[in-house]
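A.B. asks: Show me how the following folds:
(2 chains)
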Amino acid sequence: MTYLTFGRTQCRVLWRRKQDTVNALLFFVMVVALFPLGINPSAAFLAPAAGGIIWCAAVLAILMAIDGIFKEDFRDGTLEQWVVCGLSLPVLMLIKVAIHWFAVVFPLLLVMPLVSEMLMLPSGSFWVLVATVLAGTPCLFLLGAIGAALTVSLKQGATLVILVILPFYLPVIIFATSAIEASQVGLPYIGFVAMLLAVSLLSLVVSPFMTAVAVKASVN
Amino acid sequence: MSWAWFHRLGSPKSFFFWSKRWARPAFLSGLIILIVGLVWGLAFAPPDYQQGDSFRIIYIHVPAAMLAQTCYFALGVAGIVSLVWQMKIAPMFIRAVAPIGAVMAFISLVTGAIWGKTAWGTWWVWDARLTSVLVLFFLYMGIIALQNALEETALADKATAVISVVGLINLPIIKYSVVWWNTLHQGATFTLTEKPAMPVEMWLPLLIAVIGFYCMVMGLALWRMQTIILLREHRTQWVKQEVTDHGV
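C.D. replies: Numbering: from 1, shown residues only, chains lettered A, B, ... in the order given. As a prediction, this is how the structure comes out:
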């Protein structure tokens, strides 16, 4: 196995289990639909709240998607093979998370125009929303992978991952929604996007190693 | 400087006997100091010219909030020690201190809410410091949930160590993101660099209460660690000897 074949296998597995990704997307759209139904469908409420609603829904959907990323590998013993295969485990984890990130965030971006229209997000803020998603979601995936790796040996790990990881997502939500809000009232928003990037970069430094530690602990 | 004492404390056996000597004095002296601080603060300190007597809740609120943060910091440090040096005692420390920290965060939330009702007229505001203590409480509960869910001790230890370390790195980010997001709470009561703005009759009992809280929690933590050590090392000869000699 090389890093390249590892990546290719991951892509192929993801493609064959596309229902998981579709589920996460459906979940995302459904959570978004809850807010106009549950609170208020008027533009006066939705337009200022749109960024926050989209981000909260995206965070929940990503948590749902990330929870299972090691499940199948753990069950069939693939995880053990990665530990002993001689390649650097943190690099493998990084590749895997990157592929999953792309597989979820790319379709998420495709439905973004749809949901932002549904929530009456002012059109000027749409590209800011896209920028925050691109800059912020890597952090969500990188941190979520740690939680997923820690709880992989449990049968019912999903709630636990949400409990443990969600508090770490708060800064991302805050910076992302602040950026969208700022763009709506005409304030500079680049700073918030930069903060998102910084948080993502920091988790890029920490997460692969921590995920590797967690995977090793779960396998033994 | 010799590090022998440090390595000795890293072994469960010598830590057990060391903590057995210190747990009770730490707890009792903490209790006495705390009672002195609280009685002084609650009964004798002058009332605030604006808030009257309601400000007195800080004699519980501030120490609890400080300890909630200190305990999390300690968890993070223990997590690093556990991951890097694989010291046996570090995960036991995490297991012992996490619930204490959670209780401290909870106390500071509740007392803060009670104080907020009289000072701001509402039980809860989405202010930066309140929110960050709430997040801290969530982090503690996550660690405790993880500990309880993972039955295999080695895995549970690794898992809590990893989460504590990630939390230690993340805590400043969470803190500052929330601070930039919203700020209503007054600034820190004590800082190391500046003289407190309160008169001495007010902050001296607070300082005493803080010290009392710290000592008490230290004693509690040592006690909890003793129990964990006995549980985990119950196969060893010295634990059998200890239990037959002194009971549990």
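A.B. asks: Please count neighbours and contacts with C-alpha atoms only from this point.
C.D. replies: Fine.
A.B. asks: residues from chain A in reach of chain B?
C.D. replies: Listed as neighbours of chain B in chain A under the rule C-alpha under 8 Å from any C-alpha of the partner chain: A:150-151, A:154, A:160, A:163-165, A:167-168, A:170-171, A:174-175, A:178, A:206, A:210, A:213-214, A:217-218.
A.B. asks: Please list only the buried members of the residues you listed.
C.D. replies: Burial of the residues of chain A next to chain B was assessed by neighbour count (16 or more other C-alpha atoms under 10 Å in any protein chain shown); the buried members are A:150-151, A:160, A:163-165, A:167-168, A:170-171, A:174-175, A:178, A:206, A:210, A:213-214, A:217-218.
A.B. asks: Pretty sure residue A:92 sits against residue A:3.
C.D. replies: Yes: between residue A:92 and residue A:3 a contact is recorded at 6.9 Å, counting by C-alpha atoms under 8 Å.
A.B. asks: Walking through the chain, point out its helices one by one.
C.D. replies: Since you didn't name a chain, this refers to chain A. With DSSP state H as the definition, chain A shows helices at residue ranges A:3-16, A:18-38, A:43-67, A:71-75, A:78-84, A:89-118, A:126-150, A:158-184, A:190-219.
A.B. asks: I was thinking of chain B, sorry if that wasn't clear
C.D. replies: With DSSP H applied, chain B shows helices at B:4-10, B:12-39, B:58-84, B:89-119, B:128-149, B:153-181, B:200-232, B:237-246, listed in chain order.
A.B. asks: of all these, which lies closest to chain A?
C.D. replies: Among the helices of chain B, helix B:128-149 comes nearest to chain A, with 4.3 Å by C-alpha to the nearest C-alpha.
A.B. asks: close to chain A, is that closest one?
C.D. replies: Yes: Helix B:128-149 reaches chain A (C-alpha under 8 Å from any C-alpha) through B:135, B:138-139, B:141-143, B:145-146, B:149.
A.B. asks: Identify the residues contacting residue 163.
C.D. replies: As the question left the chain open, I've gone with chain A. B:138, B:141-142 (C-alpha atoms under 8 Å, 6 or more residues apart in numbering or on different chains).
A.B. asks: sorry, should have said chain B
C.D. replies: For residue B:163, the residues meeting the contact criterion (C-alpha under 8 Å, 6+ apart) are residue B:143.
A.B. asks: one more time with 10 Å, if that's ok
C.D. replies: Residue B:163 makes contact with A:143, A:146-147, A:150, A:164-165, A:210, A:214, B:75-76, B:79, B:139, B:142-143, B:146, B:169 under the criterion C-alpha atoms under 10 Å, 6 or more residues apart in numbering or on different chains.
A.B. asks: Where is pLDDT lowest across the residues you listed?
C.D. replies: Comparing pLDDT over the contacts of residue B:163, residue B:169 scores lowest. The value there is 86.
A.B. asks: what's around residue 13, how many residues?
C.D. replies: I went with chain A, as the question did not name one. Using other C-alpha atoms under 10 Å in any protein chain shown, residue A:13 has 11 other residues around it.
A.B. asks: I was thinking of chain B, sorry if that wasn't clear
C.D. replies: Each residue near residue B:13 was counted by other C-alpha under 10 Å, and the total is 19.
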